[in-house]
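Enquirer: One predicted model, sequence on top.
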Amino acid sequence: MTDSVSTTANQAKYRADYTPPAFLIPTTNLEVKLDPEQTQVKASLVVEKNGVHNNSLELDAEVEKVVQIEIDGEGLSPDEFVYENGKLTINRAFEKAQVVIVSEINPKANTALEGLYLSAGAYCTQCEAEGFRRISPFLDRPDVLSIYTVTIIADEEQYPHILANGNLIAKQKDHKTGLTSVTWNDPFPKPSYLFAMVAGNFDLLKDTYTTISGREVSLEIYVDKGNLHLSDHAMESLKKSMQWDEAKYGLEYDLDTYMIVAVDFFNMGAMENKGLNIFNSKYVLADEKTATDTDYHGVESVIAHEYFHNWTGNRVTCRDWFQLSLKEGLTVFRDQQFSADMGNPVLERISHARVMRTMQFAEDAGPMSHPIRPDKVIEMNNFYTVTVYDKGAEVIRMMHSLLGESGFRKGMDLYFKRHDGQAVTCDDFVSAMADANNKDLSKFSRWYSQSGTPELTIQETKTGSVYTVEFSQRIYGRDDAYKALTIPVKYEVLNKHTGQQVERGVFVLEEHKGKLEIKTDQDVVTVLFEDFSSPVKVKRSLPLSDIKLIINNASDAFCRWDMLQTLWQMVAKEGKADGEAGRTLVNCLIDIVLKQELDPAIRAELLTIPSFQSLAEAFDEINVDAILKTRTLIPSLVTEQTQQAIRNELAEMGPVNNDYNKENVAQRSLKASLLNLLSFSDGEEVKSILRSVYDNAPNMTERVSALNASLNLGDALVQDLLNQMHKSFSQQPLVFDKICQIAASYNGDEVYQMMEYWASQEEFDPSNPNRIRSLYGAFVMRNPAQFHALSGKGYLFLERLLTDVDAKNPQLAARLIDPLLSYQRYDEQRVALMKGVLLRLSSTELSKDLYEKVHSALA
Ligand code: 0A1
Ligand code: ZN
């Protein structure tokens, strides 16, 4: 009936403007006739006025065509509704009515992968945040909860698996049309962003789980044909997650079936749709031949994350999208706790600190800086950020530290008791925590409203037998507006000479300045922010002797690792490896190489060379060359003196059993760190060691370790090994992604030819986000030397890529642009080059996603 040209009005929305919905939709019946280019969706909605008003019903709508509208059985004439600018406005008054809307959509043309689309021949959906409106006109906002009954009509021969949320209630074949209709009902009211449907031809892995109250739940994992053998780890992870949530939080699964569908085309990691999770296949499929230990960890933690959303997100959901961290910060915190319980808690903390320092601190110092509960949004998809997710999780963790394990659990219990079935705010969560513990958290809640990373300046003095640590907090450049945050500091006091512990505790800084006083006659030094107890930057000048003492003696392994990182940063800032800091670092690393008795997992981390981004964190103006130099000079100096020891140790290590458990993972990661160090020493012998590690590797983890190390040795070996890998694993997209990632990380001008070569292979489908991320995302993120080359070639490469990708998949483009957003932190020449790219982009037609980022960067 009416065509709509949806405009991408780049208009901001503000948290402060929230108003409750003018209408509610208690029930939603959908009938979806699947067709690749002309899918018909008939939505029968019970719509009722919410409160007293005379507003028209205004639905969010981004469908191809609105074909027909009926209200209480009566068709609307064209002058009774308007479909334009993403809204369908119905101008007929009613208190409560049955509204039927028939619309048409084109899944095949949907390259943005939001709404209903085709992934390698299978129909699937992605509705968070605002994708449902691309399927059917609706009140597409998280505070409108509805009970869905969904009928999907399709050819069962082509699509034997036809799925939607909840329980299967009917299935019928129409013998005239030959089509089958399948009806699902989800008894739990949910917002539209949790809607999902799938139709495809899959292999199915089935299992069961008996919940703590004795209900049997059917567990179903749907994967592409031929991939069944790759789904066991996902199933085990799911069962572990279900069990963990019962034991830790008393939370039981609530439907009779839990389905996971793995698809190849997906913009993010996975999605927690009620009872029907849709996953990027990267986070489901794994066996030791094709997946690394990191991949195994990824599968386990993403399966857990989506499962935990069933309570934190689905049963209690968000009132509006500004509250995203309510579900994401909390669910990330819960999946972090789970991973720590399943594996090594120190390694988990190291990895969280890395994400915070390299990605979140950078985001918070850049133009897209926002509080974990943002105040202003143009494109919601741009706010699935490390700030909302990871800093959000750190904020929950600080509450956990302040309230203790049992206080936190009391708060969670009260939160569910109060809000089950509701759409609520971050303030509601903090209130539940405060009320359950009789604690005033009003000051603490500033963490939700203030953006930026607090900088903690530390000063230590000793007067008589009182040792004082003075803290002062601020954010550079924001002194007037900065409100003091509540900052828990876990600490340990060590004797400066013996390294013995004198005291251990938690100090909570609540004002701009605060003092920790310790009575002691000993000469002491403090280890601060144990376990990364707050997401802050620490400004502290410690003498090298204290740094060394902490590296060798702190009880908390996280802090030993952390001090070593500080030392790396000092060396990068000095810009030379033979200064005092450089010599200390080299000596520390040599000690660690030689100290075989250290815990292998920690030793592997200590011997890992920090990423470019983590060293960049130490600079106000990032010195690209100094960082690159530090990352090669230091390991070269270390191996100069230890290569024989490393070779011996590698030779003695022998084969590690393939099983995925923390002992084996630690051995393999130690081997990777040692191989990487060894690759900084000269000689043909190293090449032959790497080749032999690759050839004899019993699993993908070791193959990738050899490949990563070979990146340091010129292009011949790495190209050779990549070709070998390609031959042995042809037509395996997840292995192909690893090849792309490694090739794109190569430091040399040849990298452009290498990327061209891999992009020309049959496996490289440029409309698949995993391929783009693996090849070009890796170039931008993991190849600082080439990306930041002074010729500007890397930046130009990204510019062309962004223009291409944005036209098809704006979400993907908006993620690739991130490294350019920090352009102001580089030197003058690079600033000019990067700014040039942003300026040129700003004068072209951009998606809302890219528009918001480009324009905020140039503002
Ligand atoms: N809620 C999911 C993440 C997610 C968000 C947006 C998506 O598409 C735009 C897809 C997934 C999670 O936290 O896992
Ligand atoms: Zn999530």
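Expert: Arrived safely. In this text the structure is predicted, and so the values were computed from the model without any measurement. Ligands and ions are numbered 1, 2, ... in the order given.
Enquirer: Check whether Lys462 sits in a helix, strand or coil.
Expert: What DSSP: H, G, I helix; E, B strand; the rest coil gives for Lys462 is strand.
Enquirer: show me the residues around it that make contact.
Expert: By CB atoms under 8 Å, 6 or more residues apart in numbering, the contact set of Lys462 is 468, 523-524. Backbone N, C-alpha and C define where each C-beta goes, glycine included.
Enquirer: Then His855?
Expert: Contacts of His855 (CB under 8 Å, 6+ apart): 10, 842.
Enquirer: returning to that earlier point: which among the contacts of Lys462 end up buried?
Expert: Val524 (16 or more other CB atoms under 10 Å).
Enquirer: Using a markdown table, please lay out the contacts of Lys462 together with pLDDT and distance to Gly792.
Expert: Below are the contacts of Lys462 laid out as a markdown table (pLDDT from 0 to 100; distance: CB to CB, whole Å):
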| residue | pLDDT | distance to Gly792 |
| --- | --- | --- |
| Thr468 | 98 | 51 |
| Asp523 | 97 | 53 |
| Val524 | 98 | 51 |
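Enquirer: Quick check: helices, which of the contacts of Lys462 are part of them?
Expert: Using DSSP state H, the subset of the contacts of Lys462 located in helices is empty.
Enquirer: tell me the SS of Val278?
Expert: Careful, residue 278 is Ile; it's not Val. Ile278 - assigned by three-state DSSP - is strand.
Enquirer: Ok, Ser339 next?
Expert: Applying three-state DSSP: Ser339 is helix.
Enquirer: I'd like to know how many residues surround it.
Expert: 20 (other CB atoms under 10 Å).
Enquirer: From what I see, it and Ile303 are in contact.
Expert: No. Using CB atoms under 8 Å, Ser339 is not in contact with Ile303, being 10.9 Å away.
Enquirer: and the contacts of Lys462 as a markdown table, adding distance to ligand 2?
Expert: Formatted as a markdown table, the contacts of Lys462 follow (distance: CB to the ion, whole Å):
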| residue | distance to ligand 2 |
| --- | --- |
| Thr468 | 42 |
| Asp523 | 48 |
| Val524 | 43 |
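Enquirer: So which of the contacts of Lys462 are in strands?
Expert: Secondary structure defined by DSSP state E assigns 468, 524 of these to strands.
Enquirer: Lys439: which of the contacts of Lys462 is nearest?
Expert: Thr468 (27.5 Å; CB to CB).
Enquirer: Can you give me every residue that contacts the closest one?
Expert: By CB under 8 Å, 6+ apart, Thr468 lies in contact with 460-462, 515-518.
Enquirer: try 10 Å
Expert: Contacts for Thr468 (CB atoms under 10 Å, 6 or more residues apart in numbering) come out as 459-462, 515-518.
Enquirer: and if you look at Gln667?
Expert: By CB under 10 Å, 6+ apart, the neighbours of Gln667 are 600-601, 604, 653-657.
Enquirer: Residue numbers of the chain in contact with ligand 2?
Expert: Taking CB under 5 Å from the ion as the contact definition, the chain meets ligand 2 at 328, 331.
Enquirer: Where does the chain get nearest to ligand 1, which residue?
Expert: Here the chain gets closest to ligand 1 at one residue, Met268, 3.6 Å apart by CB to the nearest ligand atom.
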